[in-house]
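Undergrad: can you look at this prediction? I've put the sequence above it.
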Amino acid sequence: MSFIKKILGKTSASNDMNIFDGEEFGMKKAIKKAQQGYASFEKEMKVESRRIVPGFTECFLKYAFKVEVSGLDYEHMFISDLYHDGVKMIGTLASEPQYAKNFKEGDEIEIDPKFVSDWLYILNDEVCGGFTFRYMWSKFTTKEKLVYIKFPPFSYLKLTT
């Protein structure tokens, strides 16, 4: 969960990084791609949840929480400590919401696939998912890339500046 603290931090610049309402076309496209691949992610989570020795180096998803704030429909937050109980996927809200006031860091979240905005796991040094992060990377300036390439999830994606 430490990577989440690194990327979200407490500065206003980093807080803006985790909130997308899906209005921007490229981000909507990235979210759609993540949702289209969700079934394969869930399948891998079922396998991972049955392993005696964990195979994933890292695993988390981004989840859209409905909010009632003028100009904002959803707050996208990281869910970590994921597991699949055979019927549903469950995880832990990894940071304190800024707008979704019905939730708090550490809450157990039952995953509804229609609210998943991205997912990422690393298995055998191969990164799968991370669609919205790749899109964000494509929009970063060179200066931003030099800053964020050092921090997860961007450091996981083997991106170049």
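TA: Now that the structure is in, tell me what you want to look at. Numbering: from 1, shown residues only.
Undergrad: next SSE after the helix or strand of the chain with the lowest mean pLDDT?
TA: Counting by mean pLDDT, DSSP states H and E, the weakest-scoring helix or strand in the chain turns out to be helix 12-15, with a mean of 39. Secondary structure here is assigned by DSSP states H and E; on that basis, the next helix or strand after helix 12-15 toward the C-terminus is helix 25-36.
Undergrad: what packs against the very next helix or strand once past that next one?
TA: For helix 25-36, the following helix or strand on the C-terminal side (DSSP H and E) is helix 38-50. Applying 3 or more Cβ pairs under 8 Å, 6 or more residues apart in numbering; DSSP states H and E, one finds that helix 38-50 contacts strand 56-69, strand 72-84, strand 116-123, strand 126-129. For the C-beta atoms, the positions are set from N, CA and C on the backbone; glycine is no exception.
Undergrad: spatially nearest residue to the residue nearest to the spatial centre of the chain (excluding sequence neighbours)?
TA: Of all residues in the chain, the one closest to the mean position by Cα atoms, centre = their mean is residue 62, 2.9 Å from it. The shortest distance from residue 62 to any residue other than its chain neighbours is 4.0 Å, reached at residue 118 (Cβ to Cβ, 6 or more residues apart in numbering).
Undergrad: was I right about the one you found contacting residue 135?
TA: No - with contact defined as Cβ atoms under 8 Å, residue 118 and residue 135 do not form a contacting pair (9.3 Å).
Undergrad: the two: who's more crowded?
TA: residue 118 (30 against 19; other Cβ atoms under 10 Å).
Undergrad: and the gap between that one and residue 66?
TA: In this structure, residue 118 and residue 66 are 17 Å apart, going by Cβ to Cβ, to the nearest Å.
Undergrad: could you do residue 111 as well?
TA: Using Cβ to Cβ, one gets 15 Å for the distance from residue 111 to residue 66.
Undergrad: ok, back up a step: check whether the residue nearest to the centre of the chain really touches residue 116, as I assumed.
TA: Yes - under the criterion of Cβ under 8 Å, residue 62 is in contact with residue 116, at a separation of 7.2 Å.
Undergrad: rewinding a little: who's the residue nearest to the centre of the chain bridged to?
TA: Assessed by DSSP bridges, residue 62 has beta-bridge partners residue 78, residue 118.
Undergrad: list the contacts of residue 67.
TA: 73-75, 99-101 (Cβ atoms under 8 Å, 6 or more residues apart in numbering).
Undergrad: thank you, goodbye.
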